[in-house]
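Engineer: Here is the input, now give the coordinates:
(one chain, ligands or ions: 2)
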Amino acid sequence: MSDTLTTAPTDLLPAARQALKRYYGYDNFRPMQGDIIQNILGGRDTVVLMPTGGGKSVCFQIPAVVSEGTCVVVSPLIALMKDQVEALKANGIAAAYINSSVGQSESNDIARAAVSGHLKLLYVSPEKLLSEGFLQFLNRVNISLFAIDEAHCISSWGHDFRPEYTQLGALRNHFPNTPIIALTATADRLTKRDIITQLNLHEPKVFLSSFDRPNINLIVRGGQDRINSIIDYIGRHPQDPGIVYCLSRKTCETIAAKLKTKGIKAGHYHAGMTPNQRGAVQEAFLQDDLQVIVATIAFGMGIDKSNVRWVMHYNLPKNIEGYYQEIGRAGRDGAPSTAILFYSFADVMQMREMVTKDVPARQAQLNTAKLERMQQFAEAASCRRKILLNYFSETLHEECGNCDICRNPPTTFDGTLIAQKALSAVFRSREKVAINLLIDILRGMRNQAVLQGGYDQIKTYGAGSDLPYLDWYSYIHQMLNDGLFYIAYEEGYALKITERGHQVLKGQLTLPLKKFQPAEKAEKPTRASKKAASAASTAAVGTPEAQLFDKLRRLRKAIADEQGVPPYVVFSDATLQEMAAERPVSRVGMLGISGVGMKKFETYGEAFIKLILEDGGGQYVPSDSDSMFNEPRPRLAKAAADKTAGADKPVNDSEDATVQFHQMGLTPEDISERRGLALSTVKTHLYTAYAKGRELRIQDFVSDSELAEILTARAQLGNDASLRDLFDHLREKYDYFQLRMAGLYHKRLRGQ
Ligand code: ADP
Ligand code: ZN
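Structural biologist: Residues are numbered from 1 along each chain as shown. Ligands and ions are numbered 1, 2, ... in the order given. The predicted structure is shown next:
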């Protein structure tokens, strides 16, 4: 096959940008996407290393759209292919997949479409691609480029090695002139090397993007009472889908069951289930029918669900690589998301045993070292994102503003006395007690363990009764981390005092402690960090914006169910959030929302506009004010000027047709029926036209006496009143359309 990308790249970039707007509804490329696309359009091999959610798909999909021919995408998982193809189709891009789940006759249809040049993207599994006959078939297809997704699967060093991938090197021999782009979220050196050599890439340009995921709020919490913390969190975020990761299958099942008893739609997922069971749970999660999945790490690899709003780690992950990959499943749409890690010292002990058991000494050493880095992250008192990025050899120059430490910097105080109380209690109970019992002794509890050991007789019994359990828990962990004691896990996790601990006990050393912070505080920004955090925070619960967002989500879910696609394929959370904030009620306004392309506007635009109108407070273009009645003068003046000058105001043919029908004497209802448009759309047209200064017969919508009544009500309520106030004040006698039209009419009367 000859090189189909002969056009100079610079000629194609504007087309690429237009395609981004038209098909995806995005105004700009993200950093690197533009360069990557330019490189590919120049016909060069390309390697893309970008974190999950970074926007890799666009990097090959846009070149596919603007080039002649078909882009063949190799993808390892059937679920992933299905997802991407659905998303492409929803954007109006011709795409299909062929794998073992597709029947023969359907495959034939797809093949025909590819040969005739009607497919922009064709997804295949690696086995299929290299199977007998398929390569020959591909010879008849005009292939624009090959995209190898999840390219790290080629490396046996990686965590996700797939032997089929190693055969992909053959592509270069069969299609020496077709560019290959390899994409992955794994950035380590060995994987990168394997990708380049095994795929026989020709002088590839490697794009390594930042691995930062600034929209994820990083939080670490104490490990006590995790289950209630989880329930509490979900209670405060009842609409947000999320994943809880835990270590064992049994824990998975228990937690999921507990959540269910609280009325939470939760399911579990682990390798001990049959593929059918797993498939059903995954599907329900994708469709937002299950809010929460409690899973072992096996879950989440093959899914593209972009609206996962939070990820929790019930247990400490083995290493930072795993942790980062798992939290990366949250917030792929770029909207604010949360990662919560529960951490206790006992977890470290347990994990240490696990990672060193039955492995060669060298491996055990490496695993322990990695675990220690994980522990340092969990115990850190400085910006967590800095630590993470630093681990991946990236430097963040400022505090991130979106982790628990940045949001709520811990204050320190002289904790020597507190530490002495704890050390003394350990000492007097002959170093036989573990953390929980020690806290009970300090707090003067009278339970069986305390009484049996005779600990109610020691001098320090009850010496710390002024502090709550959670405070002690936090302080004792800080002391452990500071090396004042260690845990003898072979002796029932008893605490033993170190040399350093003795020094503190004797008053030779002082100990600063960090004030204990209750859990929810970490989710809320402090005044100081608000600015940084605001970029990554959603509308506060209960505000009109948040309420509209919930309504928009419900509409999205209803549409998704009807069409049999996952809700995030309809619109991403980020898109709905922008809609809730901007309240667009016109074509132009809706197309201005990031994530609303032409096709999606045609398919869903009307339904969403209708909902926003019903919610009572849409902002019509050309206004940008909150209330229809406070429309700023300059804008109107400009609209009028545009009209007379025939300036580059967007011409709206549909709106024009509606106005013509109105002038012929048709009612909005008639027009709606005649034109097959929703009534709300017709009303939007009429309002927008009237706002632009066109002459309409206002009395067709509101009579003179009604206008007077509305005017009086407005005068009574004052200028700051919202449309909703007016609506309520007039006891719902008029609909919003009438109120808006009346508002414009009054404004004209005043000569504004
Ligand atoms: P990856 O494959 O790297 O995990 P995706 O390609 O799925 O990431 O993109 C993640 C999200 O970001 C998707 O919702 C996608 O539509 C969105 N996205 C990609 N590029 C842009 C862009 N230029 N502007 C806005 N959103 C984008
Ligand atoms: Zn931070």
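Engineer: so residue 260 touches residue 253, yeah?
Structural biologist: No. Counting by Cβ atoms under 8 Å, residue 260 stays clear of residue 253, with 10.6 Å between them. No exception for glycine: its C-beta is placed from N, CA and C like everyone else's.
Engineer: What residues does the chain have near ligand 1?
Structural biologist: For the chain, the contact set with ligand 1 under Cβ under 6 Å from any ligand atom comprises 26, 28-30, 33, 50, 52-58, 304, 306, 332-334, 572, 594.
Engineer: Of those residues, keep whichever come out buried.
Structural biologist: Buried subset of the residues of the chain next to ligand 1 (neighbour count, 16 or more other Cβ atoms under 10 Å): 26, 29, 33, 50, 52-58, 304, 306, 332-334, 572, 594.
Engineer: Backbone dihedrals for residue 339, both of them.
Structural biologist: Summarising the backbone geometry of residue 339 under the convention degrees, to the nearest 10, its torsions are phi -120, psi 120.
Engineer: Tell me where the stretch 601-750 of the chain has helices.
Structural biologist: All helices of the stretch 601-750 of the chain, identified by DSSP state H, counting those that start in this stretch, fall at 606-614, 633-645, 653-663, 668-675, 679-691, 704-717, 723-729, 736-749.
Engineer: can you redo the ones you listed as CSV with mean neighbour count?
Structural biologist: Shown next, in CSV, are these (neighbours: other Cβ atoms under 10 Å):
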stretch, mean neighbour count
helix 606-614, 20
helix 633-645, 13
helix 653-663, 17
helix 668-675, 16
helix 679-691, 23
helix 704-717, 15
helix 723-729, 17
helix 736-749, 20
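Engineer: hey, least reliable of those by pLDDT?
Structural biologist: Among these, helix 633-645 has the lowest mean pLDDT, at a mean of 33.
Engineer: ok, and the closest non-adjacent residue to the residue most central in space within the chain?
Structural biologist: Taking Cα atoms, centre = their mean, the centroid of the chain lies closest to residue 331, which sits 1.3 Å from it. Closest residue to residue 331 in three dimensions, ignoring its sequence neighbours and counting by Cβ to Cβ, 6 or more residues apart in numbering: residue 337, at 3.0 Å.
Engineer: Quick check: bridge partners of that neighbour?
Structural biologist: Applying DSSP bridges to residue 337 gives these bridge partners: residue 216.
Engineer: any low-confidence regions in this protein?
Structural biologist: Low-confidence segments of the chain, defined by pLDDT under 70, are located at 1-11, 158-159, 298, 300-302, 489, 516-541, 617-652, 751-752.
Engineer: Could you list the residues of it in contact with ligand 2?
Structural biologist: By Cβ under 5 Å from the ion, the part of the chain that sits against ligand 2 consists of 383, 385, 400, 403, 406.
Engineer: Switch those residues over to JSON lines; also include secondary structure and neighbour count.
Structural biologist: Formatted as JSON lines, those follow (DSSP: H, G, I helix; E, B strand; the rest coil; neighbours: other Cβ atoms under 10 Å):
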{"residue": "383", "secondary structure": "coil", "neighbour count": "22"}
{"residue": "385", "secondary structure": "helix", "neighbour count": "23"}
{"residue": "400", "secondary structure": "coil", "neighbour count": "24"}
{"residue": "403", "secondary structure": "strand", "neighbour count": "26"}
{"residue": "406", "secondary structure": "helix", "neighbour count": "24"}
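Engineer: quick one: which two of those residues are the most distant?
Structural biologist: For those, the maximum inter-member distance is 7.9 Å, found between 385 and 406 (Cβ to Cβ).
Engineer: Which ones among the residues of the chain next to ligand 1 map onto helices?
Structural biologist: Among the residues of the chain next to ligand 1, the residues falling in helices (DSSP state H) are 33, 56-58.
Engineer: Quick check: the gap between the residue of the chain positioned farthest from its centre and ligand 2.
Structural biologist: For the chain, the largest distance from the centre (Cα atoms, centre = their mean) belongs to residue 457, which lies 54.6 Å off. Look at residue 457 and ligand 2: by Cβ to the ion, to the nearest Å, they are 47 Å apart.
Engineer: How about residue 613?
Structural biologist: Using Cβ to the ion, we find residue 613 at a distance of 41 Å from ligand 2.
Engineer: would you turn the residues of the chain next to ligand 2 into JSON lines with distance to residue 705?
Structural biologist: Output for those, formatted as JSON lines (distance: Cβ to Cβ, whole Å):
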{"residue": "383", "distance to residue 705": "65"}
{"residue": "385", "distance to residue 705": "63"}
{"residue": "400", "distance to residue 705": "60"}
{"residue": "403", "distance to residue 705": "61"}
{"residue": "406", "distance to residue 705": "60"}
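Engineer: Give me the number of neighbouring residues for the residue lying closest to residue 51 once chain neighbours are set aside.
Structural biologist: By the measure of Cβ to Cβ, 6+ apart, the closest residue to residue 51 outside its immediate chain neighbours is residue 211, 4.6 Å from it. Residue crowding around residue 211 was assessed by other Cβ atoms under 10 Å; the count is 20.
Engineer: Helices along the stretch 151-300 of the chain, start to end?
Structural biologist: 170-174, 189-198, 226-236, 249-261, 275-286.
Engineer: Serialize those to JSON lines and add fields for distance to residue 711 and mean neighbour count.
Structural biologist: Output for the helices of the stretch 151-300 of the chain, formatted as JSON lines (distance: least, Cβ to Cβ, whole Å; neighbours: other Cβ atoms under 10 Å):
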{"stretch": "helix 170-174", "distance to residue 711": "73", "mean neighbour count": "15"}
{"stretch": "helix 189-198", "distance to residue 711": "70", "mean neighbour count": "18"}
{"stretch": "helix 226-236", "distance to residue 711": "44", "mean neighbour count": "17"}
{"stretch": "helix 249-261", "distance to residue 711": "55", "mean neighbour count": "17"}
{"stretch": "helix 275-286", "distance to residue 711": "52", "mean neighbour count": "17"}
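Engineer: Residue 364 is nearest to which of these?
Structural biologist: Comparing these against residue 364 with Cβ to Cβ, the closest turns out to be helix 189-198 (20.8 Å).
Engineer: Find residues that contact each of residue 385 and residue 406.
Structural biologist: Counting by Cβ atoms under 8 Å, 6 or more residues apart in numbering, the residues touching both residue 385 and residue 406 are residue 400.
Engineer: show me what contacts the closest residue to ligand 1 within the stretch 101-250 of the chain?
Structural biologist: Closest to ligand 1 within the stretch 101-250 of the chain is residue 185: 6.6 Å, counting by Cβ to the nearest ligand atom. The neighbourhood of residue 185, defined by Cβ under 8 Å, 6+ apart, consists of 49-52, 54, 56, 152, 325, 328.
Engineer: could you measure it against residue 138, distance?
Structural biologist: Distance from residue 185 to residue 138, counting by Cβ to Cβ, to the nearest Å: 27 Å.
Engineer: Now residue 391. Nearest residue, chain neighbours left out?
Structural biologist: residue 320 is the one closest to residue 391 (Cβ to Cβ, 6+ apart), at 5.0 Å.
Engineer: what about that neighbour, neighbour count?
Structural biologist: Number of residues near residue 320 (other Cβ under 10 Å) recorded here: 18.
Engineer: Please report the distance of it from residue 247.
Structural biologist: When Cβ to Cβ is the yardstick, residue 320 and residue 247 sit 17 Å from each other.
Engineer: mind listing what's buried in stretch 415-432?
Structural biologist: Residues 415-416, 418-429 are the ones in stretch 415-432 that count as buried (16+ other Cβ under 10 Å).
Engineer: Please name the residues that touch the closest residue to residue 190 other than its chain neighbours.
Structural biologist: In space, not counting the residues next to it along the chain, residue 190 is nearest to residue 157; the distance is 4.3 Å by Cβ to Cβ, 6+ apart. By Cβ under 8 Å, 6+ apart, the residues touching residue 157 are 188, 190-191, 194.
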